[in-house]
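# Here is my input; please provide its structure:
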Amino acid sequence: MDMQSPTRSNDAAPTEASPPFAAALRQLHKVLAAATPAAGADPSERAEALDATHELFAALAPRDAAEAYLAAIAAASAQSALDNFVRAARPGISDDTAIRLRAAGLAAGRAYASAFRTLRRRAPEQPAADPAAEAPSPVCEAAPKPAGDQGEFQPRDRSGKPIPTFRTDLMTRAQVLAVLSYPRDAALEAAAIAEEAAMIAEWAARETPAGGREPDLEPPPGGG
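Got it, this is the predicted structure:
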């Protein structure tokens, strides 16, 4: 395995951003550059091998320093596995050496597969907490009660009987607006109450004529 010093100035691949573990990334990219085997001394071949190693490391997408070190081990193991297989296939290699190289390649491959599965099974990243979202919303607070009212608004019909709040089909428009308003609106409730009072008074006047007698349902005998 070629362990020569890197010949490119960008062996430590730059990152697109500066994560909290930027120092670990810088070190690991240098280590990967040194650990990446090259088929020969050709600078273009070594540059291609380095690019492939950095791409593999980036594809594992480490999210912190601990995952970055595991991703680096996985990337180095993958390159080592392939290098051992290539060396085992070179002309003139004895059977014993070829067997040993292939065994080392398989061991490195298993190390890569294990690290790969570990990184893929990691827990999903939790979104950063939004301080604004944690602040209590005015909408979530209890609606202020209208002055002088200690309970919920209760609509009434023209006879003064309560109307169930789910029976909006029996309510006037003012009552519906007051019932459905959230947070509670004192102006809407006052308008509905005033309308109810007028409606109840009008109905009472129809039911009880002046003088306090019940209305005659039939004309008096001999009347005309």
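
# list the contacts for Leu177?
Residues in contact with Leu177 (CB atoms under 8 Å, 6 or more residues apart in numbering) are Asp185, Leu188, Ala191, Ala192. C-beta: built from backbone N, CA, C; applies to glycine.

# Help me confirm that the second one is found in a helix?
Yes - when DSSP: H, G, I helix; E, B strand; the rest coil is applied, Leu188 is found to be in a helix.

# what's the burial count for the nearest residue to it once chain neighbours are set aside?
In space, and not counting its chain neighbours, Leu188 is closest to Ala178: 4.4 Å by CB to CB, 6 or more residues apart in numbering. Ala178: 26 surrounding residues under other CB atoms under 10 Å.

# Tell me if I'm right that Ala178 and Phe153 touch.
Yes - using CB atoms under 8 Å, Ala178 is in contact with Phe153, at 5.2 Å.

# okay, His141: pLDDT?
Rather than His, residue 141 is Glu. pLDDT, Glu141: 44.

# Dump the helix or strand hosting Ala178 to CSV, keeping only the CA atoms.
For Ala178, the enclosing helix or strand under DSSP states H and E is helix 173-180. Extracted in CSV, the C-alpha atoms of helix 173-180 (Å, rounded to 0.1, in the frame of the first residue of the first chain):
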residue,chain,number,x,y,z
ARG,A,173,-76.7,35.8,13.2
ALA,A,174,-75.6,38.0,16.2
GLN,A,175,-75.9,35.0,18.5
VAL,A,176,-74.0,32.7,16.1
LEU,A,177,-71.1,35.3,15.9
ALA,A,178,-71.0,35.6,19.7
VAL,A,179,-71.0,31.8,20.2
LEU,A,180,-68.3,31.1,17.6
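
# May I see the buried residues of that helix?
Residues of helix 173-180 classed as buried by neighbour count (16 or more other CB atoms under 10 Å): Ala174, Gln175, Val176, Leu177, Ala178, Val179.

# you'd agree the first one is up against Ala190?
This means Ala174. No - if you go by CB under 8 Å, Ala174 and Ala190 don't touch, sitting 9.7 Å apart.

# wait, Asp64 sits on Phe21?
Yes - the criterion here is CB under 8 Å, and Asp64 meets it with Phe21 at 5.7 Å.

# Tell me which of those two has more neighbours.
The residue with more neighbours, out of Asp64 and Phe21, is Phe21; 19 against 12, by other CB under 10 Å.

# With adjacent residues omitted, what lies nearest to that one?
Phe21 sits nearest to Ala65 (CB to CB, 6+ apart), 3.9 Å away.

# Could you double-check that the one you found lies in contact with Ala24?
Yes - counting by CB under 8 Å, Ala24 is a contact partner of Ala65 at 4.1 Å.

# who touches stretch 75-92?
1, 31-32, 35-37, 39, 49, 52-53, 56-57, 60, 93, 97-99, 101-102, 104-106, 108-109, 111-112, 115.

# Now, of these, which are buried?
Neighbour-count burial (16+ other CB under 10 Å) applied to the contacts of stretch 75-92 gives 32, 35-37, 49, 53, 56-57, 60, 98, 101-102, 104-105, 108-109, 111-112, 115.
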